[in-house]
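1. Got a sequence here, can you build the structure:
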Amino acid sequence: MKKAMPVGRQGFTLIEILVAMAIFLTVILLITDIFLSVSNVQRVTLKGQKALNDLQTTMETVSYLVHNSKIDYDYYKDSDYYSLGDGAAVPVLALINSAGDRVTVGLNPNLLIKNIEITVGDDPADAEVLTPSDLAIKEFNLYISPTVDPFSFVESSVYGYESDQQFFVTVSLVAESLDLRAADREDIRIQTTISSRIYAR
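-> Coordinates of the predicted model:
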């Protein structure tokens, strides 16, 4: 003969336990999904911020070079590829530093992942990479104004010089972080206008 359980000591039925486990597992899966989504957003944000900081550092280096140098207008006059005459963007910045050396800043077109290089002198083998390896430069556009040398004296000019304007360079950079998956990559764009501290007149 079966003894009946006392009223206060009855257990859970199998269905009640299964329902409770299903609810518990659903809540755990939702929390895990939220945690993974937040972690992914944080990872993308941190890597995007690092790429932006690297691009700003590159821009600051270019700004420093322009501040302490003069535009090498002869480089553009002698070039078959670059012309300042139409005011269009040029892909290479040619400067003369305080020591009188030519300094060029531009994209390396020979690499699969493009980066910005600085070359002091005329030997391309002396180029130094300016951008980190986890940053791909998509565009490097330079707008130089005035398009004629403001330090070149011309007797027939009203002011005595080809231009009466201090030169400045507008630099536009577009890059993307290679640390991110292709689906998470977005273009990072920065632009600035820089003038030189050197005035030769």
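
2. which residue ranges form the strands in the chain?
-> Ranges of strands within the chain are 70-71, 92-96, 102-107, 116-120, 128-129, 135-145, 168-177, 188-195, based on DSSP state E.

3. Of all the residues in the fourth one, which ones are buried?
-> The one in question is strand 116-120. Burial within strand 116-120, assessed by neighbour count using 16 or more other CB atoms under 10 Å, is assigned to Ile116, Glu117, Ile118, Thr119. Quick note: C-beta positions are derived from backbone N, CA and C, even for glycine.

4. partners of it in the sheet?
-> Strand pairing for strand 116-120, determined by DSSP bridges: strand 102-107 (antiparallel), strand 128-129 (antiparallel).

5. what residues does the last one touch?
-> If I follow you right, that is strand 128-129. Residues outside strand 128-129 that contact it (CB atoms under 8 Å, 6 or more residues apart in numbering): Asn108, Asn115, Ile116, Glu117, Ile118, Thr119.

6. Scan this protein for its longest helix.
-> Secondary structure assigned by DSSP state H gives helix 14-67 as the longest helix of the chain.

7. Distance from that one to the middle of the chain?
-> 21 Å (CA atoms, centre = their mean, to the nearest Å).

8. Taking strand 116-120 as reference, get the angle to it.
-> Interaxial angle, helix 14-67 versus strand 116-120 (axes from the mean of the first three to the mean of the last three CA atoms, to 10 degrees): 20 degrees.

9. tell me the angle helix 14-67 makes with strand 92-96.
-> Using the same axes, to 10 degrees: helix 14-67 against strand 92-96 is 40 degrees.

10. distance of Ile198 from Ala99?
-> Using CB to CB, to the nearest Å, Ile198 is found at 13 Å from Ala99.

11. neighbour-wise, which of the two wins?
-> With neighbours defined as other CB atoms under 10 Å, Ile198 and Ala99 compare such that Ile198 has more, 17 against 8.

12. The closest residue to the more buried one other than its chain neighbours bridge partners, please.
-> With sequence-adjacent residues excluded and distances taken as CB to CB, 6 or more residues apart in numbering, Ile198 is closest to Lys70, at 5.4 Å. On DSSP bridges, the residues paired with Lys70 through beta bridges are Ile96.

13. ok, Lys70 touching Ser98?
-> No. Between Lys70 and Ser98 there is no contact, the gap being 9.1 Å when judged by CB atoms under 8 Å.

14. who's in contact with the one residue sitting closest to the centre of the chain?
-> Nearest residue to the geometric centre of the chain (CA atoms, centre = their mean): Leu55, 3.3 Å. For Leu55, the contact set (CB under 8 Å, 6+ apart) comprises Thr131, Leu135, Leu173, Ala175, Ile188, Ile190.

15. What is the nearest of those to Ile28?
-> Using CB to CB, Ile188 is the member of the contacts of Leu55 that lies nearest Ile28, at 37.4 Å.
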